[in-house]
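Engineer: Predicted model and sequence follow; I will ask about them next.
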Amino acid sequence: MEWLWSNDRPWGAGQVDSGSFPHYGQSIVPAPNRRFLAVAGGETHSLGLGADGSIVAWGRNNYGQTNVPAPNADFIGIAAAGWHSLGLKSDGSIVGWGDNRYAQTSVPAPNSDFVAVAAGQYHSLGLKSDGSIVAWGFNNSGQRNVPAPNADFIGIAAGDYHSLGLKFDGSIIAWGRNSEGQTNVPDANNGFVAVAAGGYHSLGLKPDGSIVAWGSNDAGKTNVPSPNGDFIGVAAGAIHSLGLRFDGSVVAWGANYYGQTNVPTPNGSFVQVAAGGFHSLGQRSDGSIIAWGANYSGQANVPTPNSGVVAIAAGYTHSLAIRLADEDGDGVPDGDDVCPGSDLSETVVIDGCDTGIANEISVDGCTRADVVAGCSGEARNRGQFVSCVASLAKEWKQVGDITDSEHGRLMRCAAQAGSVDRRGTKPSPLPLSRGERGNGSALRLPPSPSLAQTTRPEP
């Protein structure tokens, strides 16, 4: 599910959550909000790639950037920036839509053999299977003039008006606007494993864990703090930078007007970072998101339940996340939930008798009410049901989960519940029913993305 947030409040399971200027609707995910594999954010619109190969688009549509062309199928990749959108199809072709004032959605022929896409403010990039890069759209600063030899590329990233290409040998090629030195890759230009493009600055990650930064240094956004080592991921905002360390901590530097470089404590257990215009996101190993920095559009207000997240992305003023499906809303992903369809009542109630015991949720997704309902499902008569509940009550009391008085109320409610006929079958089942049991599966978090981008408002 994809998840987004801002002043609007749409979210779900396997869904998208987002945040942004709400009056454009970029944080209102269309229903059904589920089975998303990837997310991307432009200035004021959002994209979600579905497991079925279709793209869902929402938000501002002043240039048609949310009108996905037909047939809306067979997509395997997405990118968004400014006011245009790109989709990569399984046959290697790219579909572009939205703002086309500079031909940024007009993919050059032959439109085939692409393996990756990236979007700048008014230009677009496509990486081909032969290692060459195709660029189209606005070229006021030469951002689509790929330098020769145009070969051996394995990654691409796009800033506002400049472009980056990562080569197989670990070198970075940069071209386009160089007003702030953002295309002057420092020596030694080799051994890079990831790149990120901000508005007017660039970042490169080396295999020794160091970060190289160049371009505009307003507010020190290219001054990587020491010790410059043990980094495994990078992200570039409009005027700030983020680095993810091997130990799970995040280092942030550059402009701090909105607190976007003040990483909240405890600073640890992060597995992914993303940078928006003036805010920052970090995904933790437990599937939760920490957001900090600018919040004038609610982009740092992570919706609840804040769990089960497997991927994050940031638009200029909104945030996106993909979260594992959680149909019953208990905060435990369906794949790990032993009790789907949990009873989420505030207290444990048996056949209308309120025990007053808090209905807490365990890590396997079962509530206390679910466990008591399990006794109802297994019992062939009243005696067996009461005996089962008595065992639970004894265990909970021994570990200090319930008090003596709560123990007494639980047993009284159990004794009053339902009836069983003489043949030992339940005429009208006890009102509590056990949820379906399922096989749990481990949550596997994806590696930090090697490419990142951010965009800035239209001049």
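Structural biologist: Now that the structure is in, tell me what you want to look at.

Engineer: Any figure for the gap between Gln104 and Ser163?
Structural biologist: Note on Gln104: its distance to Ser163, by C-beta to C-beta, to the nearest Å, is 13 Å. Using the backbone N, CA and C atoms, a C-beta is placed for each residue, glycine as well.

Engineer: anything in contact with each of these two?
Structural biologist: His123 (C-beta atoms under 8 Å, 6 or more residues apart in numbering).

Engineer: These two: which is more packed in?
Structural biologist: Between Gln104 and Ser163, counted using other C-beta atoms under 10 Å, the more crowded position is Ser163 (30 against 26).

Engineer: so which helix or strand takes in the more buried one?
Structural biologist: strand 162-167 (DSSP states H and E).

Engineer: Return the list of helices and strands in contact with that strand.
Structural biologist: Under the contact criterion of 3 or more C-beta pairs under 8 Å, 6 or more residues apart in numbering; DSSP states H and E, strand 162-167 touches strand 123-128, strand 133-137, strand 153-158, strand 172-176, strand 194-197.

Engineer: so can I have JSON lines of these showing mean pLDDT?
Structural biologist: Shown next, in JSON lines, are the helices and strands packed on strand 162-167 (pLDDT from 0 to 100):
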{"stretch": "strand 123-128", "mean pLDDT": "98"}
{"stretch": "strand 133-137", "mean pLDDT": "98"}
{"stretch": "strand 153-158", "mean pLDDT": "97"}
{"stretch": "strand 172-176", "mean pLDDT": "98"}
{"stretch": "strand 194-197", "mean pLDDT": "96"}
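
Engineer: quick one, which of these is nearest to Gly259?
Structural biologist: strand 194-197 (20.8 Å; C-beta to C-beta).

Engineer: who does the closest one pair up with?
Structural biologist: Sheet pairing of strand 194-197 (DSSP bridges) gives strand 201-205 (antiparallel), strand 451-453 (parallel).

Engineer: Would you single out the least confident of those?
Structural biologist: With a mean of 36, strand 451-453 has the lowest mean pLDDT of these.

Engineer: For this protein, give me the ranges with low pLDDT.
Structural biologist: Scanning the chain for pLDDT under 70 picks out 1-24, 26-29, 32-35, 325, 418-459.

Engineer: please redo it, this time with the cut-off set to 80
Structural biologist: 1-37, 44, 51, 58-59, 297-298, 302-310, 318-336, 418-459 (pLDDT under 80).

Engineer: Now the element after whichever helix in it runs longest, going C-ward?
Structural biologist: Ranked by residue count, the top helix of the chain under DSSP state H comes out as helix 382-398. Downstream of helix 382-398, the first helix or strand assigned by DSSP H and E is helix 404-416.

Engineer: So which bits of that following helix are buried?
Structural biologist: Applying a neighbour-count criterion of 16 or more other C-beta atoms under 10 Å, the buried positions in helix 404-416 are 406-407, 409-411, 413-414.

Engineer: okay if I get these as CSV plus distance to Ala252?
Structural biologist: Conversion of the buried residues of helix 404-416 to CSV gives the following (distance: C-beta to C-beta, whole Å):
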residue, distance to Ala252
Glu406, 47
His407, 50
Arg409, 51
Leu410, 50
Met411, 55
Cys413, 53
Ala414, 54
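
Engineer: picking that back up, quick check: buried residues in the longest helix of the chain?
Structural biologist: Buried residues in helix 382-398, counted by 16+ other C-beta under 10 Å: 382, 385-386, 388-390, 392-393, 396.

Engineer: next one: stretch 185-198
Structural biologist: For stretch 185-198, a neighbour-count test (16+ other C-beta under 10 Å) marks 185, 189, 192-198 as buried.

Engineer: Over to stretch 288-295?
Structural biologist: In stretch 288-295, residues buried by neighbour count (16+ other C-beta under 10 Å) are 289-295.

Engineer: hmm, who's touching that stretch?
Structural biologist: 240, 258-264, 270, 276-284, 299-302, 306-307, 309, 312, 317, 319, 321.

Engineer: So which residues of the stretch 151-300 of the chain form strands?
Structural biologist: 153-158, 162-167, 172-176, 194-197, 201-205, 211-215, 231-236, 240-245, 250-254, 270-275, 279-284, 289-293 (DSSP state E, counting those that start in this stretch).

Engineer: Could you export these as TSV, including distance to Glu327?
Structural biologist: Below are the strands of the stretch 151-300 of the chain laid out as TSV (distance: least, C-beta to C-beta, whole Å):
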stretch	distance to Glu327
strand 153-158	36
strand 162-167	40
strand 172-176	44
strand 194-197	35
strand 201-205	38
strand 211-215	41
strand 231-236	31
strand 240-245	31
strand 250-254	32
strand 270-275	25
strand 279-284	22
strand 289-293	20
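
Engineer: Figure out which of the ones you listed is closest to Cys366.
Structural biologist: strand 279-284 (23.6 Å).

Engineer: Show residues contacting that closest one.
Structural biologist: Outside strand 279-284, the residues within contact range by C-beta under 8 Å, 6+ apart are 235, 237, 240, 242, 244, 250, 252, 258, 260-261, 263, 269-275, 289-295, 299-300, 309, 311-312, 314, 319, 321, 445.

Engineer: Take these and, keeping just the buried ones, write it as a ChimeraX select command.
Structural biologist: To isolate the buried members of these in ChimeraX, using 16+ other C-beta under 10 Å:
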select :235,237,240,242,244,250,252,258,260,261,263,270,271,272,273,274,275,289,290,291,292,293,294,295,299,300,309,311,312,314,319,321
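
Engineer: For the closest residue to Gly82 other than its chain neighbours, which three-state class applies?
Structural biologist: Residue nearest to Gly82 in three dimensions, not counting chain neighbours: Gln121, with 4.5 Å by C-beta to C-beta, 6 or more residues apart in numbering. With DSSP: H, G, I helix; E, B strand; the rest coil as the basis, Gln121 sits in coil.
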